[in-house]
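A.B. asks: fold the following for me, if possible:
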Amino acid sequence: MPDKQSAVTLDKNDKIILKMLQEDCNVSLKKIGEKTGLSSSTVHYRVNRLIDEGVITGFKATVDPLKVGKEILAISLVTGRYGPEYSKKIGERIAKIQGVWAVYFLLGNIDFAVLLRASSREELKEIVDAFIKIEEVERSNTYLILERLKEDPTVQL
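C.D. replies: Below you'll find the model as predicted:
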């Protein structure tokens, strides 16, 4: 099995398959076949290969956070105390906090960008307090997102 971290070579049909599945993961193999000129069984084989190679990591419903009461979106910029494997230690602890939906390790003066979703100001405060309590976290600045201008989880191929 190939290393899941290394890049995989994709041909034109693989890219069409991925694009169609990102738009609608319930699209039929037949419809993908019509677009690619491949048989349904070949499309099925290719989808399974893309899963085995780690290109496709799952099939999920995309939920609008605003529709389920997660009206507060925020970003916290976190600085940690430098030490052995500090990025992994801090990142894993922050990632486990409910309400945190993304954690990115950065180069520069700030160590982490943490994306948060909450249903109230009190819930947001609890989330921020939880990662401030992590011993290796030196400080954080949290910014409330006033308007979501673009949020697109698809990968452009």
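A.B. asks: residue 74 is in contact with residue 116, isn't it?
C.D. replies: Yes. Residue 74 lies in contact with residue 116 (CB atoms under 8 Å); the separation is 4.4 Å. Backbone N, C-alpha and C define where each C-beta goes, glycine included.
A.B. asks: for the spatially most central residue of the chain, helix, strand, or coil?
C.D. replies: Nearest to the mean C-alpha position of the chain, by CA atoms, centre = their mean, lies residue 102 at 6.2 Å. Using DSSP: H, G, I helix; E, B strand; the rest coil, the structure places residue 102 in strand.
A.B. asks: what pairs with it across the strands?
C.D. replies: Going by DSSP bridges, residue 102 is paired in beta bridges with residue 115.
A.B. asks: which pLDDT value goes with it?
C.D. replies: Note for residue 102: predicted pLDDT of 96.
A.B. asks: now do residue 11
C.D. replies: Looking at residue 11, its pLDDT stands at 96.
A.B. asks: ok, now the one 3 residues further on?
C.D. replies: We have a pLDDT of 96 for residue 14.
A.B. asks: do I have it right that it meets residue 50?
C.D. replies: Yes. At 6.7 Å, residue 14 counts as touching residue 50 under the criterion of CB under 8 Å.
A.B. asks: got the domain boundaries for this protein?
C.D. replies: According to automatic domain parsing, the chain comprises the domains 12-52, 65-145.
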